[in-house]
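J.: what would the 3D arrangement of this be:
(chains A and B)
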Number of protein chains: 2
Amino acid sequence: MKSSPLYLFGTHAATAALANPMRKIKRVLVTKNAQTELGKALSGIKNPVIIEGHKLEAMLPQGSVHQGIALECEPLAQPALSDWLNEKIEKPVLLLDQVTDPHNVGAILRSAAAFGIGAVIATDRNAPQESGVMAKAASGALEIVPMIHVVNLVQAIETLKKFGYWIAGLDGAAKQLISEANLDAKTALVLGAEGAGLRRLTTEHCDFLVKIPMSSQMESLNVSNAAAIALYDLYRRQQGGSSS
Amino acid sequence: MKSSPLYLFGTHAATAALANPMRKIKRVLVTKNAQTELGKALSGIKNPVIIEGHKLEAMLPQGSVHQGIALECEPLAQPALSDWLNEKIEKPVLLLDQVTDPHNVGAILRSAAAFGIGAVIATDRNAPQESGVMAKAASGALEIVPMIHVVNLVQAIETLKKFGYWIAGLDGAAKQLISEANLDAKTALVLGAEGAGLRRLTTEHCDFLVKIPMSSQMESLNVSNAAAIALYDLYRRQQGGSSS
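T.: Numbering: from 1, shown residues only, chains lettered A, B, ... in the order given. Next comes the predicted model:
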């Protein structure tokens, strides 16, 4: 299958990709200014294409803040879920149930990397594929956290259970607060789409449901903010941070 | 001063504005479908302008997801900081030190409303004014949380101190974890721009600095995600949520 080229742009996304030996980079496009500024990060690049800023802009999705650099590259080869599990990394994972906006998925990857999540799992369909917009929002995290695509989220949940994971669904209607749940390193946290929340079938396969406490004057949080809070809470307690 | 019209769009932003008696609305523009769907929320509107979706789209910033409704309205009249403080609302406040992206500021307002923040304070310059993009990201929160603009952030900090607030700056280089700091209802949390962080002068005027614990593999979080976590942590502890 021939697809359109993948461009990663922006300083953080590009330098993280350059530092990732698993990332296949075809071309480095850079402005003179950015080349000077980035210096060391580009020292291993033999033939960077020097390009004017406005030409780079024209190659990228409208509104892209490229900061003078873009990489033409291949999507990362991501592991299959069972292969990843067989590596016994023993870190929490995050499952996304139809979170479609690439900015949100990118920001979620960034929080996942910040809070030591082992993998982010999403469906093949109704979830965005790797893109420049997602990579920019991820700010380098795409090179750190595996993004595993699965055909069926419920099957992925059942596989995780077989490997000893407990499945916690984030649901505004849950009775238990996330801060009160017993979540350890083998937690799989499931997050639904903004507005719609978790699908019924997904909910039924969770071991328990937890919520983020909030004021009654708002219905919900932005999905990447909800993810950040949940992952923080998990991380904070695994690090033994006190709460008083 | 004559400025371009302010359009609020999207179901949540529009219905929250319609429900806010302080919001001056000039015109309601709505598609037939949205009019049917929103039903009750529009029942008090005498002369809605029925418009086709693509015409509505053409009136709004590119990429706006209007969901069939836009309101032409005036920016909210916001209180001066001293007036707000004299009302003795005794809730935490959030100060934004040069956070410029309206999506981020909107998402921050949404978290502020969710976690019972009394007001969001930003400078007149280097901070976005109320806009449709911000209101959409705020998902109704603009109608709930006062957004107070001040000339000078350091002066605002000093005013808050006079009214008994303690000033906590969020800073990745801080030694103290936010979950370990003694933060009560009279906390003013200060958040800097992504990348740059708090300005030196702002830092010097904080009573103490706190950080969000995170893995060394990431430098920082998205600014709205950092805000969501900090406000959640404050809220969680004021509600007496335990941490196990």
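J.: and stretch A:137-144 with chain B, contact?
T.: Yes: Stretch A:137-144 reaches chain B (CB under 8 Å from any CB of the partner chain) through A:137, A:139-141, A:144. (Glycine included, C-beta is placed from N, CA and C.)
J.: need the pLDDT of the residue lying closest to A:Ser220 once chain neighbours are set aside.
T.: Residue nearest to A:Ser220 in three dimensions, not counting chain neighbours: A:Gly172, with 6.1 Å by CB to CB, 6 or more residues apart in numbering or on different chains. With respect to pLDDT, A:Gly172 has a value of 92.
J.: A:Gly172 touches A:Leu221, doesn't it?
T.: No: A:Gly172 lies out of contact with A:Leu221 (CB atoms under 8 Å); the separation is 9.0 Å.
J.: could you tell me which residues touch both of the two?
T.: Common neighbours of A:Gly172 and A:Leu221 (criterion: CB atoms under 8 Å, 6 or more residues apart in numbering or on different chains): A:Ile212.
J.: who has more neighbours, the two?
T.: Between A:Gly172 and A:Leu221, counted using other CB atoms under 10 Å in any protein chain shown, the more crowded position is A:Leu221 (25 against 15).
J.: against chain B, how distant is that one?
T.: Distance, A:Leu221 to chain B, by CB to the nearest CB, to the nearest Å: 6 Å.
J.: got it, and A:Lys46?
T.: A:Lys46 is 28 Å from chain B, by CB to the nearest CB.
J.: quick one: neighbours of that residue, just the number.
T.: There are 5 residues near A:Lys46, going by other CB under 10 Å.
J.: residues near A:Phe163, how many?
T.: A:Phe163 has 16 neighbouring residues, counting by other CB under 10 Å.
J.: just A:Thr36 next, same as before
T.: Neighbour count of A:Thr36, defined by other CB under 10 Å: 11.
J.: distance of it from chain B?
T.: 19 Å.
J.: list the contacts for the most centrally placed residue in chain A?
T.: Nearest to the mean C-alpha position of chain A, by CA atoms, centre = their mean, lies A:Leu109 at 2.2 Å. Taking CB under 8 Å, 6+ apart, we find A:Leu109 in contact with A:120, A:134, A:137-138, A:141-142, A:145, A:147.
J.: name the SS class of A:Tyr47, please.
T.: Just to correct that, residue A:47 is Asn rather than Tyr. At A:Asn47 the chain is in coil, as set by DSSP: H, G, I helix; E, B strand; the rest coil.
J.: got phi/psi on it?
T.: phi -130, psi 70 (degrees, to the nearest 10).
J.: can you map out the helices along chain A?
T.: Per DSSP state H, chain A carries helices over the ranges A:11-18, A:32-38, A:53-59, A:81-86, A:102-114, A:132-138, A:153-162, A:200-205, A:223-238.
J.: and of those, who's closest to A:Pro75?
T.: Closest approach to A:Pro75 among the helices of chain A (CB to CB): helix A:132-138, 10.1 Å.
J.: on that earlier part again, next, find the distance separating the residue nearest to A:Ser220 from A:Ala112.
T.: 21 Å (CB to CB, to the nearest Å).
J.: isn't A:Asp97 up against A:Glu194?
T.: No: counting by CB under 8 Å, A:Asp97 sits too far from A:Glu194 to count as a contact (11.2 Å).
J.: neighbour count for the two, which is higher?
T.: Using other CB under 10 Å, the more surrounded residue of A:Asp97 and A:Glu194 is A:Asp97, with 25 against 19.
J.: who are the neighbours in contact with the more buried one?
T.: A:123, A:153, A:190-193, A:198-199, A:202.
J.: and the closest residue to A:Gln176 other than its chain neighbours, how many neighbours?
T.: Among residues not flanking A:Gln176 along the chain, A:Val210 sits closest, at 5.1 Å (CB to CB, 6+ apart). As a burial measure, A:Val210 scores 22 neighbours (other CB under 10 Å).
J.: for A:Val210, what are its contacts?
T.: A:168-171, A:174, A:176-178, A:181, A:183, A:230.
J.: cool, and A:Gly132?
T.: A:6-9, A:13, A:60-61, A:64, A:70.
J.: let me know the closest of those residues to chain B.
T.: Ranked by distance to chain B (CB to the nearest CB), the contacts of A:Gly132 are led by A:Pro61 at 10.3 Å.
J.: that closest one and A:Met134 touch, don't they?
T.: No: judged on CB under 8 Å, A:Pro61 makes no contact with A:Met134 at a distance of 11.0 Å.
J.: still on that earlier bit, most neighbours among the contacts of A:Leu109, which one?
T.: Neighbour counts for the contacts of A:Leu109 peak at A:Ala138, which has 33 neighbours (criterion: other CB under 10 Å).
J.: for it, list the residues it contacts.
T.: By CB under 8 Å, 6+ apart, the residues touching A:Ala138 are A:13, A:106-107, A:109-110, A:113.
J.: which intervals of chain A have sub-threshold pLDDT?
T.: Scanning chain A for pLDDT under 70 picks out the ranges A:1-3, A:241-244.
J.: and the contacts of A:Asp97 as CSV, adding neighbour count and distance to B:Leu160?
T.: Shown next, in CSV, are those (neighbours: other CB atoms under 10 Å in any protein chain shown; distance: CB to CB, whole Å):
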residue, neighbour count, distance to B:Leu160
A:Thr123, 17, 47
A:Leu153, 23, 46
A:Val190, 27, 40
A:Leu191, 27, 35
A:Gly192, 22, 38
A:Ala193, 18, 38
A:Leu198, 24, 40
A:Arg199, 16, 45
A:Thr202, 21, 44
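J.: for the residues you listed, give me TSV that also has distance to chain B.
T.: TSV is the format used below for the contacts of A:Asp97 (distance: CB to the nearest CB, whole Å):
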residue	distance to chain B
A:Thr123	22
A:Leu153	24
A:Val190	19
A:Leu191	13
A:Gly192	16
A:Ala193	14
A:Leu198	19
A:Arg199	21
A:Thr202	23
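J.: closest one of these to B:Ser215?
T.: For the contacts of A:Asp97, the nearest to B:Ser215 is A:Leu191 (19.3 Å; CB to CB).
J.: what sits opposite the closest one in the beta ladder?
T.: Counting by DSSP bridges, A:Leu191 forms beta bridges with A:Leu96.
J.: ok, now which ones touch it?
T.: Applying CB under 8 Å, 6+ apart to A:Leu191 gives the contacts A:94-97, A:99, A:108, A:170, A:198, A:223, A:226-227, A:230.
J.: closest to A:Leu38 among the residues you listed?
T.: Among those, and counting by CB to CB, the member closest to A:Leu38 is A:Ile108, at 26.7 Å.
J.: check the contacts of A:Gly132 for burial and list the buried ones.
T.: Neighbour counting over the contacts of A:Gly132 (16 or more other CB atoms under 10 Å in any protein chain shown) leaves A:6-9, A:13, A:60, A:64, A:70 as the buried ones.
J.: now for those, which pair is the farthest apart?
T.: Taking CB to CB, no two of these sit farther apart than A:Leu6 and A:Ser64, at 13.1 Å.
J.: show me the contacts for the nearest residue to A:Glu194 once chain neighbours are set aside.
T.: Nearest non-adjacent residue to A:Glu194, counting by CB to CB, 6+ apart: A:Val223, 4.3 Å away. Neighbour list for A:Val223: A:99, A:101, A:104, A:108, A:191, A:193-194 [criterion: CB under 8 Å, 6+ apart].
J.: closest to A:Ala41 out of these?
T.: Of all those, A:Ile108 has the smallest distance to A:Ala41: 25.4 Å, by CB to CB.
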